[in-house]
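# This is a predicted model, with the sequence first.
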Amino acid sequence: MRRRDQGAAFLVTIIAMATLVAIIGELSIVNAEGARAETNRLEAQRSSIMAEAALQFAAAEIQQQNPAVATMQDAWAKVGDAGGTEYQVGQDSFRLEIVDASGRLNINSADEDTLKQFPLSEEQRDSLLDWRESAITSTRLQGAKDAYYNQLATPYNAKLAPFDSVEELLSVRGFTPYVLFSPIPPSTQSGAFNPSTQPLLYSLLTVDSLSADRDPSGKQKIDITKATFSQLSQLNIPNTLANAVVQAEQGFKSMTDVMNVSGMTLPAAQVLLNNTQVGSAPLSAGLINLNTALSPVLSAVPGMTPDVVAAILTRQSAGFQGVGDLTLVPGVTVPLLAKIVTKFCVSSRSFNVHVIGMAGQAQVAEEANLNLDDDGKVHITRIQPMAVSDALSQWNWSSLSTTQVAVGGGE
């Protein structure tokens, strides 16, 4: 009996020990899971800090930007290598890209004639215009307002106000994720169509573009509606033409009217466009930067021909120092200038910044808009969180960086 009791006791001890080991194992798993959860939270916080660091890094680059001219040869355009460079800050890192918003088509200010030249269907164009304009009842032929949207499975009303983001187009009739985030159709492009290199429709649009019209020295241009004969003579405008401008200046509504003055020549047009403006507004919204715009955006301007667009793209490597430099582009005439000058600029005060902050296994993607003031200050006016997978696709970034650079004391 004693052996049986001892065996039973031994068995009980073994069972107890096994139970204790199981309990300890379960506690270890719980502790490990708790530690992993805490690590995840910390990495998420650190990746957010890295995204913020990337925005501040971009702001520092934009702050150095020439407020009178923005080109693809500037430092802001090269920083980050379009997301290819990973900036390491200690054990964490970030990637970034800065894009000139003025190189894109502003869907809040583009007029109907411009949208007709852009790769949009009639339904998309009419619906876009109906969505942003304040009129409640009038609907374009292929457009949509409340009556259309209220019949959907999930009803809502038309915005009847400017777009807050490009993604808002997904609420507009005719726009789907496939349309917005796919390469633009081949019928709207010249030459062979290669989806891997064609821009997404999304990448050609903005709601943020601002630019400042400055003379070659960076100063405010002369208001040509108040210009004197003496001022025009100092710009070396021929006397006859200077007199004609002064006599007509009270009727100028835009630089198109100036280009239409009798006797206007290309050399005189270059000087006037680079040194004068109609009115004294310091900033303009929706103008297209000749130095940074892609072919589909340039082609959207009514009157532009494929040859002129190609010549502008070629000249971008040297850079336009003023809108008047359009006179140096082959194929540009005074009558063509009269049609297109009010659509263009050579500077930017608004930049779209793409960033991904990384820490451990965590990543945070954001798209922000940064504006540059006259005093050199940079303001973040909009931050939009994004899914990392969506960001990589929409920005055309690879999932991995190709270069690592240590900053801020990184090893």
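Nice, thanks for sending it over. Residues are numbered from 1 along each chain as shown.
# looking at this, residue 211 is in a helix?
No. Assigned with DSSP: H, G, I helix; E, B strand; the rest coil, residue 211 falls outside any helix and is strand.
# tell me the contacts of it?
Residues near residue 211 by CB atoms under 8 Å, 6 or more residues apart in numbering: 102, 283, 284, 287, 289, 345, 347, 348, 349, 350. All C-beta atoms are positioned from the backbone trio N, CA, C, and that covers glycine.
# Go through those and flag which are in strands.
Among the contacts of residue 211, the members found in strands (DSSP state E) are 283, 284, 289, 345, 350.
# got a list of what the residue lying closest to residue 214 once chain neighbours are set aside touches?
By the measure of CB to CB, 6 or more residues apart in numbering, the closest residue to residue 214 outside its immediate chain neighbours is residue 68, 3.9 Å from it. Residue 68 makes contact with 212, 214, 215, 216, 218, 346, 347 under the criterion CB under 8 Å, 6+ apart.
# Need the max-distance pair from these.
212 and 216 (13.4 Å; CB to CB).
# out of these two, which sits in the busier spot?
residue 212 (22 against 13; other CB atoms under 10 Å).
# So in terms of bridging, what pairs with the more buried one?
residue 283 (DSSP bridges).
# Relative to residue 233, which of the contacts of residue 68 is nearest.
Looking across those and measuring by CB to CB, the closest to residue 233 is residue 215, at 16.4 Å.
# Would you mind giving both backbone torsions of that closest one?
Main-chain torsions, residue 215, degrees, to the nearest 10: phi -80, psi 180.
# Between the two ends of stretch 149-166, how far is it?
19 Å (CA to CA, to the nearest Å).
# buried ones in it?
For stretch 149-166, a neighbour-count test (16 or more other CB atoms under 10 Å) marks 149, 158, 159, 162, 163, 165, 166 as buried.
# give me every residue that touches the first one.
Read it as residue 149. 155, 156, 157, 158, 173.
# mind listing the strands for the stretch 151-300 of the chain?
205-206, 210-212, 222-223, 276-277, 283-285, 288-289 (DSSP state E, counting those that start in this stretch).
# How far does the fifth one sit from its chain's centre?
Spelled out, it's strand 283-285. 15 Å (CA atoms, centre = their mean, to the nearest Å).
# Which positions in it come out as buried?
Going by neighbour count (16+ other CB under 10 Å), the buried part of strand 283-285 is 284, 285.
# picking that back up, by neighbours, which of the contacts of residue 68 wins?
Counting by other CB under 10 Å, top hit in the contacts of residue 68: residue 347 with 30 neighbours.
# hang on, isn't that one packed against residue 67?
Yes. Residue 347 lies in contact with residue 67 (CB atoms under 8 Å); the separation is 6.4 Å.
# and for these two, which residues touch both?
212, 214.
# ok, the residue lying closest to residue 391 once chain neighbours are set aside - contacts?
Closest residue in space to residue 391, ignoring its immediate chain neighbours: residue 365 at 3.8 Å, by CB to CB, 6+ apart. By CB under 8 Å, 6+ apart, residue 365 lies in contact with 51, 354, 355, 356, 385, 386, 387, 388, 390, 391, 392.
# any idea whether residue 365 is helix, strand or coil?
Relying on three-state DSSP, one would call residue 365 strand.
# same thing with residue 304?
Relying on three-state DSSP, one would call residue 304 coil.
# Just to check, it is in contact with residue 340?
Yes. Contact criterion CB under 8 Å: residue 304 and residue 340 qualify, at 6.4 Å.
# I'd like the contacts of residue 211 laid out as JSON lines, including pLDDT and distance to residue 237.
Formatted as JSON lines, the contacts of residue 211 follow (pLDDT from 0 to 100; distance: CB to CB, whole Å):
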{"residue": "102", "pLDDT": "97", "distance to residue 237": "28"}
{"residue": "283", "pLDDT": "88", "distance to residue 237": "26"}
{"residue": "284", "pLDDT": "91", "distance to residue 237": "24"}
{"residue": "287", "pLDDT": "97", "distance to residue 237": "24"}
{"residue": "289", "pLDDT": "98", "distance to residue 237": "26"}
{"residue": "345", "pLDDT": "96", "distance to residue 237": "22"}
{"residue": "347", "pLDDT": "94", "distance to residue 237": "24"}
{"residue": "348", "pLDDT": "95", "distance to residue 237": "29"}
{"residue": "349", "pLDDT": "94", "distance to residue 237": "29"}
{"residue": "350", "pLDDT": "96", "distance to residue 237": "32"}
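# between those, which is nearest residue 134?
Comparing those against residue 134 with CB to CB picks out residue 284 as the nearest, at 21.4 Å.
# Double-check that closest one against residue 221; I have them as touching.
No. Between residue 284 and residue 221 there is no contact, the gap being 11.6 Å when judged by CB under 8 Å.
# coming back round to it: what subset of the contacts of residue 211 is buried?
For these, a burial check counting by 16+ other CB under 10 Å picks out 102, 284, 287, 289, 345, 347, 348, 349, 350.
# ok, which stretches of the protein are helices?
Secondary structure of the chain (DSSP state H): helices located at 2-63, 75-78, 112-117, 122-132, 146-149, 177-180, 229-234, 239-248, 255-259, 266-275, 295-299, 306-315, 334-340, 388-395.
# hey, least reliable of those helices by pLDDT?
Lowest mean pLDDT within the helices of the chain: helix 2-63, a mean of 68.
# Not counting sequence-adjacent ones, nearest residue to residue 262?
residue 244 (5.9 Å).
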